[in-house]
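Participant: have a look; sequence and predicted model below, questions after that.
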Amino acid sequence: MKVKSRDTAAASAATNHNSSLDLDKPIFTLSVASEILEVHPRTLMMYEHLSMIQPKRTVTNRRRYSRRDVMKLQAIQTLTREHRVNLAGVRYILALLKRLQNAGVDPPEDLKNLDVSQLDV
């Protein structure tokens with residue numbers, strides 16, 4: 001009986017858990033994030049150097065990427081690979097898309113597949 005009530009409490013705690021916290025939890029290492037994104041780890045380090053992404057750091061100074069970080073990196077990849085935009089343009093486009101979304105305006109047709117609602121731009 002006690003086990004069943006503990007399982008119910010754990011399930012309700014999991015459903016009440018704020019999803020934005022889950023997106024910001026730093027869980028992926030540099031190698032795992034680069035494997036997910038199919039890029040060289042140095043590419044992610046370059047994006048960090050250019051202040052396009054800010055991974056969290058452990059106490060031993062290791063990078064940890066959150067789901068939100070990976071989503072932003074995927075948006076960067078879409079713009080650079082599919083739309084042939086340079087990194088300065090990516091920064092500008094993501095900021096504009098976020099402003100359009102905040103204003104309630106639909107993005108241009110070519111960029112409708114980019115969801116910036118969850119991204120920190």
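Facilitator: Done, it's in. Quick caveat: nothing in here was measured; it's all calculated off a predicted structure.
Participant: surely Arg68 and Gln118 touch.
Facilitator: Yes - here Arg68 lies in contact with Gln118, judged by CB atoms under 8 Å, at a distance of 6.3 Å. Every residue, glycine included, has its C-beta placed from N, CA and C.
Participant: neighbour count for these two, which is higher?
Facilitator: Arg68 (18 against 13; other CB atoms under 10 Å).
Participant: now the more buried one: which helix or strand?
Facilitator: Here Arg68, judged by DSSP states H and E, is contained in helix 67-77.
Participant: elements contacting that helix?
Facilitator: helix 19-24, helix 30-37, helix 41-49, helix 87-103 (3 or more CB pairs under 8 Å, 6 or more residues apart in numbering; DSSP states H and E).
Participant: is it fair to say Arg64 lies in a strand?
Facilitator: Yes - counting by DSSP: H, G, I helix; E, B strand; the rest coil, Arg64 is part of a strand.
Participant: partner residues bridging it?
Facilitator: Lys56 (DSSP bridges).
Participant: what about it, distance to Met45?
Facilitator: From Arg64 over to Met45 the distance is 14 Å, taken as CB to CB, to the nearest Å.
Participant: point out where the protein drops to low pLDDT.
Facilitator: Filtered on pLDDT under 70, the chain yields the residue ranges 1-21.
Participant: returning to that earlier point: overlap in contacts, Arg68 and Gln118.
Facilitator: Leu23 (CB atoms under 8 Å, 6 or more residues apart in numbering).
Participant: before we move on, the earlier item: what angle separates the helix holding Arg68 from helix 30-37?
Facilitator: 50 degrees (axes from the mean of the first three to the mean of the last three CA atoms, to 10 degrees).
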